[in-house]
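Peer 1: generate coordinates for the sequence data below:
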Amino acid sequence: MLNERKVAQMATFFLRQTSDKRLPHLKLMKLLYLADRCAVKNFGRPMSGDRFVSMRHGPALSQTLDLMDGDTEAQPGGWEDWISDKENHEVALRHPNRSDNLDELAQAEIDVLRHVWSEFGAMMKWEIRDWTHRNCAEWSPPGYSPSSISYEDMAHAVGFGEAEAKALAEQHQAEQDVKRIFASL
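Peer 2: Below you'll find the predicted structure:
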């Protein structure tokens, strides 16, 4: 289940790394996806709680993309409190001089974001897109509409064996089910 405030803070981290506090939305999406992918590899679970999808321009975070595109209404304290509306295929910090604490992110998660930025931050949007096409084994060209990337496929792609990937996927699903129950109360 998506943690909208957390994914907004993940985006904020990346946007703060740039001099003008803005990024092409395609590049930001790839950075966010790669951060979740790295978290699965390091911790066995993603940071955002979003669903992974294969799209024409590579793997993406489904609900985060809807927030970026303005197709979903943001929650109070969520995406729109941190990130501006997309303009000219870019997003920016809504309040570039505000120094809010990224309180949804643990230090280990910030370390993952730093690692992803050091690996991919200098890439242009098409370079990072092409990198994900070549190096994210869980992604496949989706055809005319997005297709889901299973958690098991993600875990397997980042190095977990078949049995471990299946167990992680089952554990992840159980955690998501519990979160949905509590969210509905």
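
Peer 1: any regions of the protein where pLDDT drops low?
Peer 2: Counting by pLDDT under 70, the chain contains no low-confidence residues.

Peer 1: which residues in this structure form helices?
Peer 2: Counting by DSSP state H, one finds helices in the chain at the ranges 4-16, 25-43, 62-69, 79-82, 107-120, 125-135, 151-157, 162-184.

Peer 1: so for the longest one, what gets flagged as buried?
Peer 2: Within helix 162-184, the residues that qualify as buried by neighbour count (16 or more other Cβ atoms under 10 Å) are 165, 168, 169, 172. C-beta coordinates here come from the backbone N, C-alpha and C atoms, glycine included.

Peer 1: contacts for that helix?
Peer 2: 1, 40, 44, 45, 49, 150, 151, 152, 153, 155, 156, 160 (Cβ atoms under 8 Å, 6 or more residues apart in numbering).

Peer 1: ends of stretch 142-162, what's the gap?
Peer 2: 23 Å (Cα to Cα, to the nearest Å).

Peer 1: now do the buried residues in it.
Peer 2: Applying 16+ other Cβ under 10 Å to stretch 142-162 flags 142, 146, 149, 151, 152, 153, 154, 155, 156, 157, 158, 160 as buried.

Peer 1: distance of the fifth one relative to residue 36?
Peer 2: Residue 152 sits 15 Å away from residue 36, taking Cβ to Cβ, to the nearest Å as the criterion.

Peer 1: what do you get for the third one?
Peer 2: According to Cβ to Cβ, residue 149 and residue 36 sit 11 Å apart.
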